[in-house]
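take a look and give me a structure for this.
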Amino acid sequence: MFEKINKRPFYRKMHLTAPLLNERIEYLEYLERCGYPLSSIKDAANYLLRIVELLNLTTKRTITRQEIEDGVIAWAQHQYNHPQKKNSFSKTSEERFIRCVTNWFKKLNWLEPPPKKTSIFYEIFERSYALKRHLSAPLLEERLMYLHYWKENGAVMHTLQGIAQYQLVIMKYLKFYKIRKIYVAEINKAANRWAKASKDRLKKNIDSNYARKKFIRDAKCWFKMLGCLEDPPKKTVPYQKYLDAFLIYMEQEQGLSCNTIYSRRHVLQNFLTLVRVRVKSLKKLTPLVVDNILIEKHDINGYSRRSVQAYASIIRSFLRYAENQSWCQNNLADSIKAPRVYRNESLPYSPSWEDVGKILKSYSNEHPTDVRNRAIIMLLAVYGLRCSEVTNLKLEDIDWKKKTIYLRRAKGSKPRIFPLVETVGNAILKYLKNVRQNNCLLKEVFLCVRSPYRSMSTTAIYAIVSAKLRKINPNLKHHGPHALRHACATHLINNGASLKEICDHLGHKGIEATRIYAKVDLVSLRKVAEINFGGLL
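Residues are numbered from 1 along each chain as shown. Modelled structure (predicted):
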């Protein structure tokens, strides 16, 4: 080996007579098998020789990282002070020296293991300069806690490395060197300054929108975990004390769900804001003012009659409670007139079954996200599931031996066990085997593809379905997951299924909710049209 890299006998003799000859030769041969060029192997041989001399190594012993760094610094100072070798040993050479001898000692199992609490830095950084920079920075425990959170949720080494680097940048631009309250506006301003400072940026392009968002996302998540993030002040809503009292009433007295209360709160916030513009207090609220608000919703804001009716129903409920509390005039709630909406007056808007087939064919069989999304679309279309029913589907709900699927229905319906359709089962199985991160503790079937792994939200599923439906049929009135539920029901009724069967399949409490699909039963309607009434007409 040394004959290849050193032609001068003096230098060959120096290498051959030094201690740990076999260990050094074995490592150099390993580098050669790995495809390193001869010049790099020659540098490595010199590094190994120098570290053996500097550390007085003759036999196996545990080597600390500090010993390596001290030895390399001593060698670097010798090189800097050498009259014939000025500027021949740069900082890059120091790092390369440390990396080479550290890898050698790792291969020999002589290197002292890093402390457990900081071992994650040794996993994601190799260069001693980077290690020293991250280990010596403030808030070490707090930064490690955030990195371990990401690691436990399946983040790869490259992601962890980026997060650790962003933490130092966040600390610098926010001057966050001890725990203190951080405001969202403060984070946004710091992100803008950092995005425009190209020399301090991790991205080369100037003013990167992605970099700014990454800065804000990591900062918010980290500070929220530390408990020092202050949310932006909530917008003041007129008559807030009245609204808060009514929210408590809906929860404790009426027993409404959190989703219902959340949606009604937004409607009432909008209503109270409009009321405050027109009158100074609820005591002066009149039926004419309420009528003008409802007319404005329809004529100016473009609300449908059904939407205006729902809006009026919510404010009527609030005003009835306000009357009992003497906040407004009596009989105000009864005076509110909403537009009349006839039961089953409209058709359910849904894509055709051919459009559903096009959506499924558009997904790739190899891309991880497409594999997951295809399984989700099949559950929505074949079983007519609601969005929340897909997100709540658990691993134990699928019995692969009996080929059944246990569905927890929403809106108070009883859970049902359905046979697992083979195509749907194959799509889910492919996702579970090839895509899903099965090392995490989450029991939900569908998870986010990227770490930190978490169950999917209904918003994410809406975005998946909406993006596909808008491409396949842009003229469709509704593009959400519920459109696929309508498509399922329409397909069933057009293929001869009874309303009772469809009711059970969709998880409706009663057949009244399913009756609207009788209007799209084209086959039966054609048969009615073909009846010969004789001389009756």
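
now the strands for the stretch 401-537 of the chain?
404-407, 416-419 (DSSP state E, counting those that start in this stretch).

do the chain as well
Along the chain, the stretches classed as strands by DSSP state E are 182-183, 229-230, 398-399, 404-407, 416-419.

what about the nearest residue to residue 390 once chain neighbours are set aside, neighbour count?
Distances taken as C-beta to C-beta, 6 or more residues apart in numbering put residue 379 closest to residue 390, at 5.6 Å, once the chain neighbours are dropped. No exception for glycine: its C-beta is placed from N, CA and C like everyone else's. By the measure other C-beta atoms under 10 Å, the count of residues near residue 379 is 24.

can you pull the contacts of residue 379?
Contacts for residue 379 were tallied using C-beta atoms under 8 Å, 6 or more residues apart in numbering; they are 385, 390, 393, 424, 428.

domain parsing of the chain, as residue ranges.
Domain assignment for the chain by automatic domain parsing gives 2-112, 118-230, 240-335, 353-525.

any idea how far the second one is from the chain center?
Looking back up the chat, that one is domain 118-230. 18 Å (C-alpha atoms, centre = their mean, to the nearest Å).

one step back: looking at the strands of the stretch 401-537 of the chain, which is closest to residue 483?
Of all the strands of the stretch 401-537 of the chain, it is strand 404-407 that lies closest to residue 483, at 19.4 Å by C-beta to C-beta.

check the gap between the closest residue in space to residue 271 that isn't next to it in sequence and residue 270 for me.
Nearest in space to residue 271, with sequence neighbours left out and distances taken as C-beta to C-beta, 6+ apart, is residue 315 at 5.1 Å. As for residue 315, its distance to residue 270 is 10 Å (criterion: C-beta to C-beta, to the nearest Å).

more crowded one of those two?
Set side by side, residue 315 and residue 270 show more neighbours around residue 315, with 24 against 16, by other C-beta under 10 Å.

out of the contacts of residue 379, the closest to residue 166 would be?
For the contacts of residue 379, the nearest to residue 166 is residue 390 (33.1 Å; C-beta to C-beta).

out of the strands of the stretch 401-537 of the chain, deepest packed?
Comparing these on average neighbours per residue, with mean count of other C-beta atoms under 10 Å, the densest one is strand 404-407 at a mean of 18.

that one - contacts with which helices or strands?
strand 398-399, strand 416-419 (3 or more C-beta pairs under 8 Å, 6 or more residues apart in numbering; DSSP states H and E).

what packs against the longest one?
Yep, that's strand 416-419 we're talking about. strand 404-407.

quick one: strands adjacent to the strand it packs on?
strand 398-399 (antiparallel), strand 416-419 (antiparallel) (DSSP bridges).

look up phi and psi at the residue nearest the centre of the chain.
A centroid search over the chain (C-alpha atoms, centre = their mean) returns residue 448, at 5.8 Å, as the residue closest to the centre. Backbone torsions of residue 448, given as degrees, to the nearest 10, read phi -60, psi 140.

is it true that it touches residue 459?
No - between residue 448 and residue 459 no contact is recorded; they are 12.0 Å apart, counting by C-beta atoms under 8 Å.

with only the CA atoms kept, save stretch 308-321 in CSV.
Provided in CSV are the C-alpha atoms of stretch 308-321 (Å, rounded to 0.1, in the frame of the first residue of the first chain):
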residue,chain,number,x,y,z
VAL,A,308,-79.8,32.4,4.3
GLN,A,309,-82.3,30.1,6.0
ALA,A,310,-79.5,28.4,8.1
TYR,A,311,-78.1,31.9,8.9
ALA,A,312,-81.5,33.1,10.1
SER,A,313,-82.1,29.9,12.2
ILE,A,314,-78.8,30.5,14.1
ILE,A,315,-79.5,34.1,14.9
ARG,A,316,-83.1,33.3,15.8
SER,A,317,-81.9,30.8,18.4
PHE,A,318,-79.4,33.4,19.8
LEU,A,319,-82.1,36.2,20.0
ARG,A,320,-84.5,33.9,21.7
TYR,A,321,-81.9,33.3,24.4
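
circling back to that earlier point, a markdown table for the domains of the chain, including distance to residue 341 and mean pLDDT?
What follows is the domains of the chain, written out as a markdown table (distance: least, C-beta to C-beta, whole Å; pLDDT from 0 to 100):
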| stretch | distance to residue 341 | mean pLDDT |
| --- | --- | --- |
| domain 2-112 | 73 | 77 |
| domain 118-230 | 41 | 83 |
| domain 240-335 | 5 | 90 |
| domain 353-525 | 13 | 85 |
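
quick check: closest non-adjacent residue to residue 126.
residue 99 (5.9 Å).

mind listing what's buried in stretch 22-32?
Neighbour-count burial for stretch 22-32 flags 23-25, 27-28, 31-32 (criterion: 16 or more other C-beta atoms under 10 Å).

and residue 3, how many neighbours?
Around residue 3 there are 8 other residues, counting by other C-beta under 10 Å.
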